Structures are given as C-alpha cells and as structure tokens.
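Undergrad: 3D, please:
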Amino acid sequence: MKKLVAILFGLLVVAAGFAAATTWAVTSVRGYNSDSYGYSWTEIGVKYDVQHPYTNYEVTYRRGGGGAYPGHILTKVRVIAEPNGAETIVYIDGSHTVTSSAGWPYV
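TA: Numbers count the residues shown, from 1 in each chain. Here you go, the predicted model:
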C-alpha cells in the first residue's frame with residue numbers, strides 16, 4: 001500500500017511539473033481578400049504553448065465579415081469554422097463571392 005501511494009504521489013509531482021512548465025501566449029491571425037465587388041475578412045484567436053506552438057494550441061474564437069462596394073448589394077455573410085481556423089464567404093449581388101480565410105499552422 002505504501003508503495004502504491006509513493007508511486008501515485010510521484011506521478012502527481014511529475015504531472016504538476018509538466019503543467020507548471022507550460023507557458024501560454026495568445027495571438028490573433030487575420031486574413032483579408034477583396035475584388036471589384038467587395039471585401040471579406042476573417043480573424044481567429046489562438047492560445048498556444050510557447051515551446052510547442054504547432055502541436056499544443058487552442059483556437060479560442062472565430063470571426064468574419066465583409067461588405068459590398070458602392071453599386072453592389074451585400075447578400076449574405078457566412079463564417080465557416082474549420083478545425084484549426086475559419087473561412088468567411090461574402091455573397092454579393094446574389095451569386096458573386098469573395099472568400100477569405102485564417103488558420104493556425106499545425107504539424
């Protein structure tokens with residue numbers, strides 16, 4: 001029993017050491033695209049481990065938007081969540097689209 005308690009305590013100490021060693025940082029990644037009809041933008045927020053940014057991260061938010069230039073009508077804005085980013089599709093004059101995306105590189 002004492003041996004089991006000692007092993008469990010050792011595992012707890014090791015796990016706490018790994019957790020304490022992680023330094024987190026936050027950033028945002030933005031994408032933008034435009035043409036003669038209008039524009040589209042996408043932004044994601046990312047919390048990542050400074051020592052392992054491409055394997056230990058979390059996308060915290062996804063936003064997108066866009067608009068139409070004068071003489072054109074904004075029909076719809078659609079933000080599509082992806083596993084490590086987002087894509088924004090802006091529909092102008094019914095069927096014309098302007099697309100932008102933002103993503104976090106991963107391994």
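Undergrad: Tell me where this structure has strands.
TA: 24-34, 38-49, 57-68, 74-82, 85-92, 96-103 (DSSP state E).
Undergrad: Turn those into a markdown table, including mean neighbour count, mean pLDDT and distance to residue 7.
TA: Where C-beta positions appear, they are placed from N, C-alpha and C, glycine not excepted. A markdown table is the format used below for those (neighbours: other Cβ atoms under 10 Å; pLDDT from 0 to 100; distance: least, Cβ to Cβ, whole Å):
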| stretch | mean neighbour count | mean pLDDT | distance to residue 7 |
| --- | --- | --- | --- |
| strand 24-34 | 14 | 97 | 30 |
| strand 38-49 | 20 | 98 | 28 |
| strand 57-68 | 17 | 97 | 31 |
| strand 74-82 | 14 | 97 | 42 |
| strand 85-92 | 22 | 98 | 42 |
| strand 96-103 | 19 | 98 | 42 |
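Undergrad: can you pull the contacts of the closest residue to residue 28 other than its chain neighbours?
TA: Excluding its sequence neighbours, the residue lying closest to residue 28 (Cβ to Cβ, 6 or more residues apart in numbering) is residue 45, at 5.2 Å. Counting by Cβ atoms under 8 Å, 6 or more residues apart in numbering, residue 45 makes contact with 26, 27, 28, 59, 60, 61.
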